[in-house]
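no sequence on hand, only this structure:
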């Protein structure tokens, strides 16, 4: 895109552009996206944000205002933004891997010689279009090239084959659900932590489930630990009720690759095929979101009174999920899972 020359615009036009751009960032848009649409150079947006932070919208108007200059220039804000979004604090010799206000505060002091309070740093980061977020965890053992190859080559080939053979595609995963798993918050008077009565006993339930892009969901409880025999039982259930081939995508757990499982799959003569996700890549499996739904949205918020009630609760949640294909399909709408349906 050709850059606009601000020198050729009158003061009123520039004023309107500055105010509109800052309003868009305040509304949650990325500052770099905003300035790109306007066709102006990248540092401009950071200069406008710096001016707005010091003097509000009046500082963006055509009339030159006198007052305290901003502590960080547009170029410095640009550099700070680049540091936060492209680097990890560990690369800058900090002991933690997450950007906190205190770490950003130290970066500002070391790089620009400017001292800010943590509150000011938080306000500054928000003005730059950043927000505090819970990070996704990635196993350092993951091979990024293998994950990329799965998304761009392996899975498209599987989908193409499934279309040719009119096969159903499922993603499966095992999980253990514990009675002492807690999630969520509750309102209470400040300084008075509420207490939810629950059993002091601990117990768990092992399960396996599978989901399809079409919204189908199957599940089975596993008595004891998962092994080849129990996995084959689930595979039999998965094929029941359909005359179409089933393509099942799982991780590389030894149970899934067991000799007994390979013999079973071969005996189906094409009715069932197994495909394996890249190692250490749970973010590529939509079935992980089934367990997130069960644990974080239901079990973690419930009062657990005993094993039977716990089992009934988990079953009720999973059966309800089976009747909500739209919700199951929504799992495939997560950013890192769009490769499955697009």
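Perfect, thanks for sending it. These numbers come from a predicted model, not from an experiment.

what packs against the one helix or strand in the chain whose mean pLDDT sits lowest?
When each helix and strand of the chain is scored by mean pLDDT, DSSP states H and E, helix 43-55 comes last, with a mean of 79. Using 3 or more CB pairs under 8 Å, 6 or more residues apart in numbering; DSSP states H and E, the elements in contact with helix 43-55 are helix 11-26, helix 31-38, helix 74-86, helix 118-127. Using the backbone N, CA and C atoms, a C-beta is placed for each residue, glycine as well.

how about those helices, which one is nearest residue 173?
helix 74-86 (31.4 Å; CB to CB).

report the angle between the axes of that closest one and helix 118-127?
Angle, helix 74-86 to helix 118-127, by axes from the mean of the first three to the mean of the last three CA atoms, to 10 degrees: 80 degrees.

buried set for helix 74-86?
74, 76, 77, 78, 79, 80, 81, 83, 84 (16 or more other CB atoms under 10 Å).

right, and the helix or strand after that helix?
Sequence order places helix 101-112 as the next helix or strand after helix 74-86, per DSSP states H and E.

ok so residue 220 is a helix residue?
No. Assignment of residue 220 by DSSP: H, G, I helix; E, B strand; the rest coil gives strand, placing it outside any helix.

ok, it - how many residues close by?
17 (other CB atoms under 10 Å).

that one contacts residue 233, doesn't it?
Yes. Contact criterion CB atoms under 8 Å: residue 220 and residue 233 qualify, at 7.1 Å.

before we move on, back to that, can I get the helices and strands packed on helix 43-55 in a markdown table including distance to residue 296 and mean pLDDT?
As requested, the helices and strands packed on helix 43-55 are exported to a markdown table (distance: least, CB to CB, whole Å; pLDDT from 0 to 100):
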| stretch | distance to residue 296 | mean pLDDT |
| --- | --- | --- |
| helix 11-26 | 31 | 81 |
| helix 31-38 | 31 | 83 |
| helix 74-86 | 27 | 85 |
| helix 118-127 | 26 | 86 |
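
just so I know, which of these lies nearest residue 323?
helix 31-38 (39.5 Å).

pull up the pairing partners for the top strand by length along the chain, direction included.
The strand spanning the most residues in the chain, taking DSSP state E as the definition, is strand 168-178. Strand 168-178 has its sheet partners listed here by DSSP bridges as strand 204-211 (antiparallel), strand 246-250 (parallel).

got CSV for those, with mean neighbour count too?
Listed next are those as CSV, based on neighbours: other CB atoms under 10 Å:
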stretch, mean neighbour count
strand 204-211, 21
strand 246-250, 22
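
okay, the ones you listed in CSV with mean pLDDT and distance to residue 126 next?
Formatted as CSV, the strands paired with strand 168-178 follow (pLDDT from 0 to 100; distance: least, CB to CB, whole Å):
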stretch, mean pLDDT, distance to residue 126
strand 204-211, 93, 36
strand 246-250, 97, 40
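
any idea which of those strands gets closest to residue 283?
Per CB to CB, nearest to residue 283 of those: strand 246-250, 13.7 Å.

what's the closest non-adjacent residue to residue 127?
residue 49 (4.9 Å; CB to CB, 6 or more residues apart in numbering).

likewise for residue 123?
Residue 123's closest residue in space is residue 53 (CB to CB, 6+ apart), at 7.1 Å.

do the same with residue 329
residue 215 (4.4 Å).

sec struct for that neighbour, please.
coil.

next one, pLDDT for it please.
The confidence metric pLDDT takes the value 96 at residue 215.

next one: residue 131
81.

next, it: secondary structure please.
Residue 131 - assigned by three-state DSSP - is coil.

name the nearest residue to residue 328, ignoring sequence neighbours.
residue 215 (4.4 Å).

am I right that the one you found is in contact with residue 322?
No. The criterion here is CB under 8 Å, and residue 215 misses it with residue 322 at 9.5 Å.

map the structural domains onto the sequence of this structure.
As recorded under automatic domain parsing, the domains making up the chain are 6-127, 144-182+199-340.

low-confidence regions, the stretch 101-250 of the chain specifically.
Applying pLDDT under 70 to the stretch 101-250 of the chain flags the ranges 134-142, 182-201.
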